[in-house]
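# pasting the sequence and the predicted model now:
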Amino acid sequence: MNALMAAARRDVLLALRRRADVLTAIFFFVMVVSLFPLGIGPEPALLKKIAPGVLWVAALLATLLGLPRLFHADYLDGTLEQMALSPSPLALLIAGKMLAHWLLCGLPLVILAPVLGLQFGLDAASLGMLSFSLLLGTPLLSLIGAMGAALTLGVRGGGVLLAVLVLPLYIPTLIFGAGAVAAESAGLGAEGHLSLLAALLALAVFFAPWATTAALRIALE
Amino acid sequence: MLTAAHLACSRGERRLFADVSFSLAAGEWLHVQGENGAGKTSLLRLLVGLSPADAGEIRWRGALVGGMKTTPETVGFRRELLYLGHHAAVKDELDALENLRFSAAIDGLAFDQLKALAALRRLGLRGRESLPVRVLSAGQKRRVLLARLLTRTAAVWVLDEAFNALDGGAVQLLGALLNEHLAAGGVAVLTSHQPLPLPGGRVLAL
């Protein structure tokens, strides 16, 4: 557990020293979401209907933006080699990096989403559900994305390949996440969607660090 | 302590080396020599377990290690192993002390700030402990990396081109550090293109 926290702390500190990378993803999220009401015009019913989908797709793309850099710097400067040779389990160190990625990329989206949701005329209950579904969903985006980042590490043009690889895997998260918010604003219960999202998250927390570690070992060879 | 028997390695179609064997007792060191591309770095990566060997076995204190599988034996080996590769493995955004602190944390070891400060001082980085590594020169970056030799206790040192980018004084200092390490019963495997005046050396030509 110490190794996990150490790896997470290190990545957070590095990101705070190099803020541009983190801020780019957040700014991208804010801009993309804000462009929709401007482009579509003041039609409250339509905006309210598309809000969950727009916010979720924007969150997904914003996460994708920083993924190619997740392991790249550590791979180039030999830090990943040192991690692989550490007596601590590599999977724990990688889980720490995933945690840092969520704290820096997922958590800001969770916090910003209700503010941006106001532009679409969502009511308070829907805004709460939006935050909650993102709280369950963004860790999933980080975990799945890290797997993709590890598989495309060291590949020329890896960024495009990463998007091709990861976006299809994001589909279930998107469907259940946006579905939960849509169900809430339509007055139906969102429990079903949330349960499935939580189940996916439980599965990913267990398997993603392990799969990512296996992919990284292949990349290091 | 460290023995290797009949190691072979190939990259794609090309066979780099085959049937490489050596044995190091406490206080001995191995100088791996060869032209560029002879497979020196490949041999070192294979020894520490970053890549698998095509054939042969590596033993540490009699237990089979090597390969990338995590077993109690390889974890025990990693605890006593310090590998410094081609790459600096230091982060430009962090200062020298933070770099050492996080290296220790990743290795799961307690961090002794006084020891780290003393190590940086001995490597001639006094007054530069809290500068971002970005502003240091290439040689000074290497020195930050070498400070790990003093802060991390390990019985096996595997150093790849450790003498690169170092000035005369630093080369002598690294020689002295190696001497102390070997005198304390450690073993070392290094690649270098310059002759090293250290006792107990064996030469392996690839």
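Structure's in. What do you need?

# ok, which residues in chain B are in contact with chain A?
For chain B, the residues in contact with chain A (Cβ under 8 Å from any Cβ of the partner chain) are B:48-52, B:68, B:70, B:75, B:78-79, B:81, B:83, B:85-91, B:93-94, B:98, B:102-103, B:105-108, B:132. C-beta here means a position set from N, CA and C on the backbone, and glycine is covered the same way.

# the residues you listed, buried ones only, as a PyMOL selection?
Entered in PyMOL, the line below selects the buried ones among those, by 16 or more other Cβ atoms under 10 Å in any protein chain shown:
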select buried, chain B and resi 48+49+50+51+68+70+78+81+83+85+87+88+89+90+91+93+94+98+102+103+105+106+107+108+132
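
# from chain B, how far out is the residue lying closest to residue A:58 once chain neighbours are set aside?
Of all residues not flanking residue A:58 in the chain, residue A:32 sits nearest, at 4.4 Å (Cβ to Cβ, 6 or more residues apart in numbering or on different chains). According to Cβ to the nearest Cβ, to the nearest Å, residue A:32 and chain B sit 28 Å apart.

# what about residue A:32, how many residues nearby?
17 (other Cβ atoms under 10 Å in any protein chain shown).

# ok, and the closest non-adjacent residue to the residue in chain B positioned nearest to chain A?
Chain A sits closest to residue B:87 of chain B, with a gap of 2.9 Å, by Cβ to the nearest Cβ. Counting by Cβ to Cβ, 6+ apart, residue B:87 lies nearest to residue A:78, which is 2.9 Å off, once chain neighbours are set aside.

# per-residue confidence for the residue nearest to residue A:58?
As predicted, residue A:32 sits at a pLDDT of 95.

# residue B:150 now?
88.

# contacts only, for it.
Neighbouring residues of residue B:150 by Cβ atoms under 8 Å, 6 or more residues apart in numbering or on different chains: B:115, B:118-119, B:122-123, B:177.

# what about residue A:189, which SS state?
What DSSP: H, G, I helix; E, B strand; the rest coil gives for residue A:189 is coil.

# list the contacts of it.
Counted by Cβ under 8 Å, 6+ apart, residue A:189 has contacts residue A:183.

# what about the strands in chain B?
Here chain B has its strands, by DSSP state E, at B:2-11, B:14-24, B:29-33, B:55-60, B:63-65, B:81-84, B:156-160, B:187-191, B:201-205.

# how about those in a markdown table, adding mean pLDDT?
What follows is those, written out as a markdown table (pLDDT from 0 to 100):
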| stretch | mean pLDDT |
| --- | --- |
| strand B:2-11 | 88 |
| strand B:14-24 | 88 |
| strand B:29-33 | 90 |
| strand B:55-60 | 89 |
| strand B:63-65 | 85 |
| strand B:81-84 | 90 |
| strand B:156-160 | 91 |
| strand B:187-191 | 91 |
| strand B:201-205 | 82 |
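
# which of these sits closest to residue A:23?
Among the strands of chain B, the nearest to residue A:23 by Cβ to Cβ is strand B:81-84 (34.3 Å).

# picking up where we left off before, what's the local residue count around the residue nearest to residue B:87?
19.

# for chain B, what are the nearby residues on chain A?
So chain A meets chain B at A:2-3, A:6-7, A:9-10, A:13-14, A:17-18, A:76-79, A:81-90, A:93, A:217, A:220-221 (Cβ under 8 Å from any Cβ).

# any idea which residue of chain A lies closest to chain B?
residue A:78 (2.9 Å).

# which one's the longest helix in chain B?
helix B:168-183 (DSSP state H).

# and the angle from the least confident helix or strand in chain B by mean pLDDT to strand B:2-11?
The helix or strand of chain B with the poorest confidence is strand B:201-205; it has a mean of 82 (mean pLDDT, DSSP states H and E). Here the directions of strand B:201-205 and strand B:2-11 differ by 20 degrees (axes from the mean of the first three to the mean of the last three Cα atoms, to 10 degrees).

# contact partners for residue 20?
This is for chain A. Contacts of residue A:20 by Cβ under 8 Å, 6+ apart: none found.

# wait, I meant chain B there
Counting by Cβ under 8 Å, 6+ apart, residue B:20 has contacts B:4, B:6-8, B:43, B:56, B:204, B:206.

# show me which of the residues you listed are buried.
Of the contacts of residue B:20, these count as buried by 16+ other Cβ under 10 Å: B:4, B:7, B:43, B:56, B:204, B:206.

# mind listing the helices for chain A?
Under DSSP H, chain A gives helices at A:2-17, A:19-40, A:44-66, A:72-76, A:79-84, A:90-101, A:107-117, A:124-151, A:158-185, A:191-220.

# got the phi/psi numbers for the residue of chain B closest to chain A?
phi -80, psi 150 (degrees, to the nearest 10).

# quick check, it in contact with residue A:81.
Yes. Assessed by Cβ atoms under 8 Å, residue B:87 is found in contact with residue A:81 at 7.2 Å.

# hmm, residue B:34 is touching residue B:44, no?
No. Proximity of residue B:34 to residue B:44 does not meet the contact threshold set by Cβ under 8 Å, at 11.5 Å.

# those two: who's more crowded?
For the pair residue B:34 and residue B:44, the greater number of neighbours falls to residue B:44 (23 against 17), based on other Cβ under 10 Å.

# hang on, the earlier thing: residue A:24: which of the strands of chain B is closest?
Closest of the strands of chain B to residue A:24 is strand B:81-84, at 33.5 Å (criterion: Cβ to Cβ).
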